[in-house]
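A.B. asks: No sequence on hand, only this structure:
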Ligand code: ARG
């Protein structure tokens, strides 16, 4: 029998109960629901709204319910709809009239707003820690080969020589912004909604500040209608997780390319790959592919929440119950990726010779020639043009840039000197990029030191 059965002449239809229920997924909120109810009843007693003995009995029974849920001894029933009603009915079943006082001054609207904030706060803390571990794995992998050279790409075309470590550290920056976005989102989420009631607050003298302190929130919500209607803290979280998804998808794409026969830059550990049921030689980078694929659901979940909230009249609407599965799914997805990725990065082997060979394409050093001309006083556009015609000359004569004698180079680049012939060394090319943020050895060492300091 539903807790509001006073108003209704019959129980809901079975199919309607199936449509209404959220217990199959919101049972995850049990611990936070109990935490919120314990703080609520302690406050009710302090304010003289319920007897102290009742508060003590309710708090003890709430602990017992949590233990029963954790032991798997708690019976969940579709008819009881959600986690809030399950816990309240169980209290009433055990404590009778005393249990029936727990919901004083409270609605499920402010209750669920409280529970989800408490729950997400904890999950965000878990994710920011996991992101740190992932960043650490990338930094360790970069530090293990601080001088490995590879071609850097734009448009997936050979562009300029870079350090492999520099490439990995670019991702560390992206994941740092993802971490900051989560921390920022947590700050806006950490506001206490209880006491907003169904939408208008309460006639009872609730001490909202006491509940706020007890539950570790930064402040109480200012407007009761906003407090029960708002889900933008979930939209923000899903947005931060979708951006993370895009970053992990790009890294995954790099790994898929790098582990292909065409690149052959890295070898992923067997634990993170699978074979083919048909082709005996195959070793596929499934973890990277699946992570790339899962970014689709992270984006989809964000879209779901945006669409869910669009056009809802003030204040709470039952539609909002649909927020949970989407946010749980994104959290679980990111959590799983962050479990699998760090060991995959830590165990990833690189093929330095293959990377070096690809980076030895002298065309990668064309910019270095142009910049040498700039140093000699040639305007950059002219320098660019001269080196461009030199590259065309080499293509037309089917000769590598570094195999052309000086006299021939001077046809396109009259200013060229003997020194120009030394500019095709990939190591020298990297070393010369020595300004902050550049890929030079000294600069990348400084980046590594920066991150190692952050992790202390
Ligand atoms: N299960 C509901 C949800 O997740 C709880 C709030 C229900 N409130 C209501 N007035 N029916 O949104």
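C.D. replies: That came in fine, so what should we check first? Because the structure is a prediction, the values reported are computed rather than measured.
A.B. asks: Next one, pLDDT for the residue nearest to residue 78 when sequence neighbours are not counted please.
C.D. replies: Spatial nearest neighbour of residue 78, excluding adjacent residues (CB to CB, 6 or more residues apart in numbering): residue 21 at 4.8 Å. Where C-beta positions appear, they are placed from N, C-alpha and C, glycine not excepted. Residue 21 carries a pLDDT value of 97.
A.B. asks: same question, the one 3 residues further on
C.D. replies: At residue 24, the predicted lDDT confidence score is 98.
A.B. asks: Look up how far residue 328 lies from it.
C.D. replies: 11 Å (CB to CB, to the nearest Å).
A.B. asks: Compare neighbour counts for these two and give me the winner.
C.D. replies: residue 328 (18 against 11; other CB atoms under 10 Å).
A.B. asks: could you say what helices and strands the strand or helix carrying that one packs with?
C.D. replies: Residue 328 belongs to helix 323-346 when assigned by DSSP states H and E. Judged by 3 or more CB pairs under 8 Å, 6 or more residues apart in numbering; DSSP states H and E, helix 323-346 is in contact with helix 23-26, helix 108-144, helix 232-258, helix 286-309.
A.B. asks: right, is the last one up against the ligand?
C.D. replies: Right, helix 286-309. No: remark: helix 286-309 sits outside contact range of the ligand, by CB under 6 Å from any ligand atom, the gap being at least 11.1 Å.
A.B. asks: buried stuff in that helix?
C.D. replies: 287-289, 291-292, 294-295, 297-299, 301-302, 304-305, 308-309 (16 or more other CB atoms under 10 Å).
A.B. asks: What confidence value was assigned to residue 18?
C.D. replies: 94.
A.B. asks: contacting residues for it?
C.D. replies: Residues near residue 18 by CB atoms under 8 Å, 6 or more residues apart in numbering: residue 78.
A.B. asks: What's the mean pLDDT across stretch 140-150?
C.D. replies: Computed over stretch 140-150, the average pLDDT equals 98.
A.B. asks: Report the buried residues of that stretch.
C.D. replies: For stretch 140-150, burial by neighbour count (16+ other CB under 10 Å) applies to 140-143, 148-150.
A.B. asks: Show me what it is in contact with.
C.D. replies: Counting by CB under 8 Å, 6+ apart, 161-169, 172, 265, 345-346, 348, 350, 352, 355-356, 358-359, 426-427, 430, 441, 444-445, 448, 452 sit against stretch 140-150.
A.B. asks: Only the buried subset of those residues, as a PyMOL command please.
C.D. replies: Buried residues among the contacts of stretch 140-150 (16+ other CB under 10 Å), as a PyMOL selection:
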select buried, resi 161+162+163+164+165+166+167+168+169+172+265+345+348+350+355+356+358+359+426+430+441+444+448
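A.B. asks: May I ask you to confirm that residue 401 is in contact with residue 392?
C.D. replies: No: Residue 401 lies out of contact with residue 392 (CB atoms under 8 Å); the separation is 11.0 Å.
A.B. asks: Those two: who's more crowded?
C.D. replies: residue 401 (22 against 11).
A.B. asks: Might you report the residue contacts of that one?
C.D. replies: 362-363, 365-366, 390-391, 394, 424.
A.B. asks: Spatially nearest residue to it (excluding sequence neighbours)?
C.D. replies: residue 362 (3.9 Å).
A.B. asks: residues of the helix holding residue 328 that come out buried?
C.D. replies: Buried residues in helix 323-346 (16+ other CB under 10 Å): 323-324, 326-331, 333-334, 337-338, 341-342, 344-345.
A.B. asks: next one: stretch 120-129
C.D. replies: 120-121, 123-124, 127-128.
A.B. asks: Tell me the one of those nearest residue 238?
C.D. replies: residue 120 (10.4 Å; CB to CB).
A.B. asks: contacting residues for the closest one?
C.D. replies: 186, 189, 233-234, 237, 327, 331.
A.B. asks: again with residue 387
C.D. replies: Counting by CB under 8 Å, 6+ apart, residue 387 has contacts 366-367, 369-370, 373, 412-413.
A.B. asks: Dump those residues into TSV; add pLDDT as well.
C.D. replies: Compiled in TSV, the contacts of residue 387 are given as follows (pLDDT from 0 to 100):
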residue	pLDDT
366	95
367	96
369	96
370	97
373	97
412	97
413	97
